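take a look and give me a structure for this.
(one chain, ligands or ions: 1)
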Amino acid sequence: QFDLKTNEKGNLSIGGADAVELTEKYDTPLYVIDEMKIRDNYNRLYNAFSSQYEDFKIFYACKANTNLAVMRILEQEGSCIDAVSPGEVYTSLLAGFEPERILYTGNNVTDEELKFAVSSGVTINLDSISALKRLSKLTDPEKVRISFRVNPMVGAGHHEHCITGGELSKFGVMEKEAADVYSLAQDLGFTPVGIHTHIGSGILDPEPFMLAVETLMDITGKVHEEAGVKFEFIDFGGGLGIPYEPHENKLDIDHFSKEIVGLFKNKLNEYNLGKPTMYLEPGRYIVGNASTLLTKVNTIKQSYRKFAGVDAGFNTLLRPSMYGSYHHIVVANKPEAEATQNIDIAGNVCESGDLFARDRPLPEVEEGDILAILNAGAYGFSMSSQYNSRPKTAEVLVTDGESEVIRERETFADVLTKQNVPVRLLK
Ligand code: LLP
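Got it, this is the predicted structure:
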């Protein structure tokens, strides 16, 4: 299921590199990113959709992983970028994406953030009427490309925190006010160019996604009819899931793309919408399975339960603690060994919730073993923190067996940076 490879030494191989040797060279914890997997994921998705509908673009949701090397790989592949903050816009520009290839979808944006987006020349995807009105005062509406994020009242996701459509969601303008919002934008002097939705993250069931596509197309048709907007693009957001548990199935991307494009084309005809570009904004699908977190077992403890304590924690990979997410774990120095026990894998953060797995079937684990926490590429490093004054970990990129550091391990000095102790407290 997870395409695990074992090398002649009996160790886990990642992109042709020996996982155990990588930890000897770069220390632990360590994120190891497999370049080919990113390229394969991108191309599989791109080819599936563009073969059905030529005007198709992928906007990589860089919040999943903003490492510049990862961004460069996707820039080379021809991706565009979904950025959610000025920092992500800045990073994308630095990574070589022209402003035309960046869509800025902020949430609760400040005037300063809007000004930054305008001066960067990116397309601004507005999330509220407030932002629209404020933007109209900050710039010449004729000079900025805008679209709106609409809440289609359909939501889905792997956890309630990751559902972004529906009546509890803080995102987007309401579907029932969409036509009025576009009219208002035109009255203010804008020429809106697109429409957007994103219903949630970690979706493996095509049904809700299809429903969102259908709903957004109906909304788009209505906006076109009532407000006379001509759409350059229709953006269905991201959310495409990947299997984390061994029993989960991959999205059948050929089937998925056929269903979506079929529906999309029917609705284009139904509403006379012409030939707008279809956008998708995947993050997880592109980088999720491309990175492995390697961490060393330093303590085996038989307490009221059996624990293997490792040198990473929820400061390194938050998803298990934050969402109860499952990440498959193998012992990198014996990836094919059979499970003989159920054991808890605990991190080194001083909180009880800092667990990578509870009661996980694993082979015998010893101190010094290297655990590989799989599918850690999306929202892994990007959600990591310095909690407990732990320097953030390093990232390496592997390609054809060669490894390069693409983010250095932080030091204590990095944790202390930007602090200021008032002189009076130094006495
Ligand atoms: N577009 C927008 C507007 C988004 O808000 C997101 C994700 C995406 C695209 C990409 O979603 P993806 O294809 O990666 O599912 N931290 C959570 C995920 C939060 C997703 C936030 N928005 C996790 O670790 O599961």
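
which helix in the chain runs the most residues?
helix 206-227 (DSSP state H).

so does that helix get close to the ligand?
No. Using CB under 6 Å from any ligand atom, no contact is recorded between helix 206-227 and the ligand, whose separation bottoms out at 10.8 Å. All C-beta spots, glycine's among them, are computed from the backbone N, C-alpha and C.

also stretch 252-259?
No. Contact between stretch 252-259 and the ligand, assessed by CB under 6 Å from any ligand atom, is absent, since the two come no nearer than 13.1 Å.

same deal with stretch 263-281?
Yes. Part of stretch 263-281 sits near the ligand under the criterion CB under 6 Å from any ligand atom, namely residue 281.

now do the phi/psi pair for the residue of the stretch 1-150 of the chain found nearest the ligand.
For the stretch 1-150 of the chain, the residue closest to the ligand is residue 61, as judged by CB to the nearest ligand atom, at 3.4 Å. Residue 61 adopts backbone torsions of phi -80, psi 100, taken as degrees, to the nearest 10.

next, the buried residues of the longest helix of the chain.
When neighbours are counted by 16 or more other CB atoms under 10 Å, the buried residues of helix 206-227 are found to be 206, 208-217, 219-224, 227.

who does the helix or strand just after it pair up with?
Following helix 206-227 in sequence order, the next helix or strand is strand 233-235 (DSSP states H and E). Strand 233-235 sits in its sheet next to strand 194-196 (parallel), strand 277-280 (parallel), going by DSSP bridges.

TSV for these, including distance to residue 156 and mean neighbour count?
Compiled in TSV, these are given as follows (distance: least, CB to CB, whole Å; neighbours: other CB atoms under 10 Å):
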stretch	distance to residue 156	mean neighbour count
strand 194-196	16	25
strand 277-280	15	22
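
closest to residue 421 out of these?
For those, proximity to residue 421 was assessed by CB to CB; strand 194-196 is nearest, at 45.3 Å.

could you list the contact residues of this protein toward the ligand?
Residues of the chain lying near the ligand by CB under 6 Å from any ligand atom: 61, 64, 82, 105, 162, 198, 201-202, 237-240, 281-285, 319, 378-379, 383.

what packs against the least confident helix or strand in the chain by mean pLDDT?
Across the helices and strands of the chain, the lowest-confidence element by mean pLDDT, DSSP states H and E is strand 173-174, at a mean of 94. Strand 173-174 makes packing contacts with strand 146-151 when contacts are defined by 3 or more CB pairs under 8 Å, 6 or more residues apart in numbering; DSSP states H and E.

quick one: contacts of the strand it packs on?
If you take CB atoms under 8 Å, 6 or more residues apart in numbering as the criterion, strand 146-151 is touched by 103, 105, 123-127, 132, 135, 165-166, 169, 171-175, 178, 181-182, 185, 190, 192-198, 216, 219, 233, 235.

repeat that for 6 Å
Counting by CB atoms under 6 Å, 6 or more residues apart in numbering, strand 146-151 makes contact with 124-127, 165, 169, 172-173, 175, 178, 181, 190, 192-197, 219, all of which sit outside it.

just the buried residues of the residues you listed.
Applying 16+ other CB under 10 Å to the contacts of strand 146-151, the neighbour count classes 124-127, 165, 172-173, 175, 178, 181, 190, 192-197, 219 as buried.
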